[in-house]
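1. Got a sequence here, can you model it:
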Amino acid sequence: MRAVANGELIHGPAVAARTLAYLSGARTQGSVPIPELTPREREVLDLVARGLDNASVARRLVLADKTVRNTVAAITAKLAVRNRSALTVPAREDGLGA
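-> From the prediction side, this is the model:
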């Protein structure tokens, strides 16, 4: 009762273990795939690597076709690949497009 009165939170061992696992897992999770890309670029690349065309990516992400086209161009430049089809190799190597 004193702990609660002091603003402390008391959990059972199961809740404490899950909380600890969650918090420690957040810090030690694997690296971000293709870290030089923004989260939106990774999202677009994932869909491109799944075989979607620009119009399908635009519909799925609620973006303009031109936005997707520009994003794909930016990704292509950042990854220094020649064309859209070459994007799937680094994407798949980093776990995208599965």
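2. any idea how far the residue nearest to residue 32 when sequence neighbours are not counted lies from residue 50?
-> Leaving out its chain neighbours, the residue that sits closest to residue 32 by CB to CB, 6 or more residues apart in numbering is residue 42, at 7.7 Å. Just so you know, the C-beta spots here come from the backbone N, C-alpha and C atoms, and that holds for glycine as well. Plainly put, residue 42 is 13 Å away from residue 50 if you go by CB to CB, to the nearest Å.
3. Tell me which of those two has more neighbours.
-> Shown here are residue 42 and residue 50; by other CB atoms under 10 Å, residue 42 has more neighbours (19 against 16).
4. Just the element for that one, please.
-> Assigned by DSSP states H and E, residue 42 belongs to helix 39-49.
5. From the contact counts, what lies against that helix?
-> Counting contacts by 3 or more CB pairs under 8 Å, 6 or more residues apart in numbering; DSSP states H and E, helix 39-49 is packed against helix 54-61, helix 65-78, helix 88-93.
6. the bottom helix or strand of this protein by mean pLDDT?
-> helix 13-28 (a mean of 58; mean pLDDT, DSSP states H and E).
7. my read: the residue nearest to residue 32 touches residue 97, true?
-> No. Counting by CB atoms under 8 Å, residue 42 does not reach residue 97; the two are 10.7 Å apart.
8. Skipping adjacent residues, who's closest to residue 96 in space?
-> Closest to residue 96 by CB to CB, 6+ apart is residue 46, at 4.3 Å.
9. Next: residue 44.
-> Nearest to residue 44 is residue 71, by CB to CB, 6+ apart, at 4.8 Å.
10. And for the one you found, the neighbour number?
-> So residue 71, with other CB under 10 Å, has 23 neighbours.
11. per-residue pLDDT, it?
-> For residue 71, the model assigns a pLDDT of 97.
12. same question, the one 5 residues further on
-> Note on residue 76: pLDDT of 94.
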